[in-house]
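Q: below is the structure, and that's it, no one-letter string:
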């Protein structure tokens, strides 16, 4: 039993779903609804395009930020190159002061200072050059991506314009199809002008009005008055017939049948 009930509920669900789908399809075929749906889709697509533009703008901003970092790092690298060259030049000068004595030169505090600075400049310079290389790779990738996204967004903008044109064509097509269907329905007698139904309703209303009038007459005693009028009409007609009979000499005579005449002929006279 429960299994059968489950199948019944499922069948009802499918039936309701089918009806809802058909009703939804009929509603969507309405020109006004179709135009509104196109407007909604166009607005949503325009909103996504604007979000896309914002994302591309953010990528361009990142590109500019990275370029500024590269520019700053390049200036720092140039300065480090000069500092590095300066440290080496000063170390050579210290070495010259010791007339080529390597031990004395290396023992010199100024020389060791120049040597330490040169190493720091060299390591810092290597880090900055590596960072510049990374930034330049990022910038190159950003430029490529931005160019691709610009092309894509231009294509979407053209699609948006075409969608506006498609909306007009779709609404016009539906209106044209609706008109053609109405004409075809009229030609095949399937139009929904409700002519026959309206005639039936009018006739029912007429019958109902007559019945109500009859009831009103009966309630007001009009039927009795009508009967009296009919009796008066019959009386007047009878009087006119009597007057006619008098004019032709038939007044006062009665109709006698053959049997009565025979009886009078055979009647025995009185003595």
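A: That came in fine, so what should we check first? This one's a predicted model, so the numbers in the text were calculated from it and none came from an experiment.

Q: other SSEs contacting the helix or strand hosting residue 57?
A: Element membership for residue 57, per DSSP states H and E: helix 31-97. In terms of contacts (3 or more CB pairs under 8 Å, 6 or more residues apart in numbering; DSSP states H and E), helix 31-97 is packed against helix 2-28, helix 109-187. All C-beta atoms are positioned from the backbone trio N, CA, C, and that covers glycine.

Q: worst average pLDDT in those?
A: Note on these: helix 2-28 shows the lowest mean pLDDT, a mean of 51.

Q: Three-state assignment for residue 100, please.
A: coil (DSSP: H, G, I helix; E, B strand; the rest coil).

Q: phi, psi of it?
A: Phi and psi for residue 100, reported as degrees, to the nearest 10, are phi 80, psi 10.

Q: residue 101 too?
A: phi -80, psi 110.

Q: so how many other residues sit close to it?
A: 12 (other CB atoms under 10 Å).

Q: quick one: it and residue 95, what's the gap?
A: Note on residue 101: its distance to residue 95, by CB to CB, to the nearest Å, is 8 Å.

Q: and if you look at residue 40?
A: In terms of CB to CB, residue 40 sits 82 Å off from residue 95.

Q: these two: who's more crowded?
A: Each of residue 40 and residue 95 has its neighbours counted (other CB under 10 Å); residue 95 has more, 18 against 10.

Q: leaving out the residues flanking it, which one is nearest to that one?
A: residue 105 (4.5 Å; CB to CB, 6 or more residues apart in numbering).

Q: pull out the buried residues from whatever helix or strand the one you found lives in.
A: Residue 105 belongs to helix 102-107 when assigned by DSSP H and E. By neighbour count with 16 or more other CB atoms under 10 Å, helix 102-107 contains the buried residues residue 105.
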